[in-house]
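Novice: Show me the folded form of this:
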Amino acid sequence: MKLNQVRYKQLIWPLVIGGALWLLTPLKPVGVSVNAWHMLAIFVATIIGCISQPLPIAGVAIIAMTVCVLFHVTTINDAMKGFGDSTVWMIAMAYFLSRGFVNTGLGRRIALIFVKLFGKRTLGLAYSLIGVDLVTSPATPSNTARAGGIVFPILESVSAAYGSKPEDGTQRKVGSFLILSAFHGNVITSGLFMTAMAPNLVAVALAKDFNVHITWMGWLMAAIVPGIICLVLVPLILYKLYPPEVKETPNAKVWAEAELEKMGRVSLPEKLMGIVFIFALVLWMLSSFIGLDATLVAFMAVSLLLLSGVLSINDILHETGAWNTLIWFSILIFMAGELNTLGFIPWLSKTIGNSLHGVGWGVVLLVLVMVYFYSHYLFAGATAHVSAMYCAFLGVAISAGVPPMLAALLLGFDGAIFSSTTHYANGPSSIMYGSGYVTQSEWWRMNFILGLFYLIVWGGIGTLWMHLIGMW
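Specialist: All right, here's what the predicted structure looks like:
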């Protein structure tokens, strides 16, 4: 056999920066314990490793946890506690649910139905692709899977049907507009549902350390107004600022009908998958009212898929995205929690809070949201960014007097909308941009404009809406 590839050069920065922080222990602030400082050094090295990726993120996390225990920063029993976090398992169960959409073909059928119903015009086609993302997002915590596995293949086929290909310079016919519309639809739906993106659940788990408990329905209620505004207006903004050359697409309906005919009648597995999905969605909505844990709902849904034969145990075992996420998420949640438990986050929050004494909490929250958003230009994924900064920013916000639930949710939404920055911001951006339909300058320009729009809608209107419904 051959040795697996390890990018040793990418280890340099994590080791240098983490090692330097460790060696600076004698110079640590008086209010920070030795263990807290060492945990900080390992955590910072881990986040940098998640960005540079000498190994896949799960491998980086395993090594980091090993170092924590080996150097007596924490015990092995404490390190293992992260694997029992209910939020971690909710993510895994949601991945299994999304596997059902793919296996049964229900996801593709939903996409084709939307194209058939709304695809007569290019703008309608954009809304139909976003509609697919909207319908599947509550049970698909991998926004990359939605974008790359369900939406993009349909988008590419429709674009090709209209002779819109980047290879021959015809991408502006319909393809470029559809790519940006679908990408931003993914950004919006990722913020709309708590279970639509793994980093949302990272934020929810981290917020618990500050005694801020966000329910599935609570997240949806807070996000629904800014989310709907964005879903309605963003395609129109793109249509105005980055219009397609072809405005009418009557052939899309014909193509979708032909594809649906090839698929045949709705199969029994598709029907069962649809029933279980609706069952899970209804219970998630009601969970906070009937005292049912959202993670238990996800387990119930997967159990039903197994009992009905929609999923097999092999499907579960081979869903590498779920197990990969479970490993790194558990470890990062454990490390972030230890930073709080060992006292570093409380010290940092108190220190920054004292420096902001006299400054209104509204100004503090505005600055934090803006810095959190635009700092994503330095990150190549939402998970590392949320893991690195969410805890500290939430702690600072709360210490400055910001209502805890407002701060937790706005920073949580920020974790979705800050993907509207670069072409490497997250998985969906890499897929959509990598297709070649949109140039880098166009991608950055349109994302910058829409980024400002998101900040106004989610930060401004979202704050007013949450106040109106009594969330702060």
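Novice: Can you tell me, leaving aside adjacent residues, what's nearest to W22?
Specialist: A41 (4.2 Å; Cβ to Cβ, 6 or more residues apart in numbering). The way it works is simple: take the backbone N, C-alpha and C, and place the C-beta from them, glycine included.
Novice: distance of the one you found from G381?
Specialist: Using Cβ to Cβ, to the nearest Å, A41 is found at 22 Å from G381.
Novice: Need the outlier residue of the protein, farthest from its centre.
Specialist: Most distant from the centre of the chain: P26, at 38.0 Å, with distances by Cα atoms, centre = their mean.
Novice: Now do the SS call for that one.
Specialist: What DSSP: H, G, I helix; E, B strand; the rest coil gives for P26 is helix.
Novice: Which pLDDT value does the model give the residue nearest the centre of the chain?
Specialist: Per Cα atoms, centre = their mean, the C-alpha nearest to the average position across the chain is that of M197, at 3.2 Å. On pLDDT, M197 comes in at 87.
Novice: Looks like it contacts P141 (just checking).
Specialist: Yes: M197 lies in contact with P141 (Cβ atoms under 8 Å); the separation is 6.2 Å.
Novice: Now do the shared contacts for the two.
Specialist: Contact criterion Cβ atoms under 8 Å, 6 or more residues apart in numbering; residues shared by M197 and P141: none found.
Novice: Grab the longest helix from the chain for me.
Specialist: helix 216-241 (DSSP state H).
Novice: Check the offset of it from the chain's centre.
Specialist: Distance of helix 216-241 from the chain centroid (Cα atoms, centre = their mean, to the nearest Å) equals 16 Å.
Novice: One more: stretch 4-24?
Specialist: Relative to the centre of its chain, stretch 4-24 is centred 27 Å away, using Cα atoms, centre = their mean.
Novice: Can you tell me what sits against that stretch?
Specialist: 37-38, 40-42, 44-46, 48-49, 52-55, 60.
Novice: and M466, what does it touch?
Specialist: So M466 contacts 222, 405-406, 409, 472 (Cβ under 8 Å, 6+ apart).
Novice: tell me the domain boundaries of the chain?
Specialist: 1-74, 86-317 (automatic domain parsing).
Novice: Point out the most buried one among the ones you listed.
Specialist: Per residue and on average, the most neighbours among these fall to domain 86-317, with a mean of 20 (mean count of other Cβ atoms under 10 Å).
Novice: where do the helices sit along the stretch 351-472 of the chain?
Specialist: Taking DSSP state H, counting those that start in this stretch as the criterion, the stretch 351-472 of the chain contains helices spanning 361-374, 382-399, 404-417, 427-434, 440-454, 462-468.
Novice: Tell me which of the ones you listed sits nearest to D209.
Specialist: helix 382-399 (7.0 Å; Cβ to Cβ).
Novice: how about the closest one as PDB, C-alpha atoms only?
Specialist: Written as PDB, here are the backbone C-alpha positions of helix 382-399 (Å, rounded to 0.1, in the frame of the first residue of the first chain):
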ATOM      1  CA  ALA A 382     -17.800  28.800   8.100                       C
ATOM      2  CA  THR A 383     -17.100  26.000  10.700                       C
ATOM      3  CA  ALA A 384     -13.500  27.200  11.500                       C
ATOM      4  CA  HIS A 385     -14.700  30.800  11.700                       C
ATOM      5  CA  VAL A 386     -17.600  30.100  14.000                       C
ATOM      6  CA  SER A 387     -15.500  27.800  16.200                       C
ATOM      7  CA  ALA A 388     -12.800  30.400  16.500                       C
ATOM      8  CA  MET A 389     -14.800  33.600  17.100                       C
ATOM      9  CA  TYR A 390     -18.400  32.900  18.100                       C
ATOM     10  CA  CYS A 391     -17.800  32.200  21.800                       C
ATOM     11  CA  ALA A 392     -15.500  35.300  22.300                       C
ATOM     12  CA  PHE A 393     -17.800  37.600  20.500                       C
ATOM     13  CA  LEU A 394     -20.900  36.400  22.300                       C
ATOM     14  CA  GLY A 395     -19.200  36.800  25.600                       C
ATOM     15  CA  VAL A 396     -18.200  40.300  24.800                       C
ATOM     16  CA  ALA A 397     -21.700  41.200  23.600                       C
ATOM     17  CA  ILE A 398     -23.300  39.800  26.800                       C
ATOM     18  CA  SER A 399     -20.800  41.600  29.100                       C
END
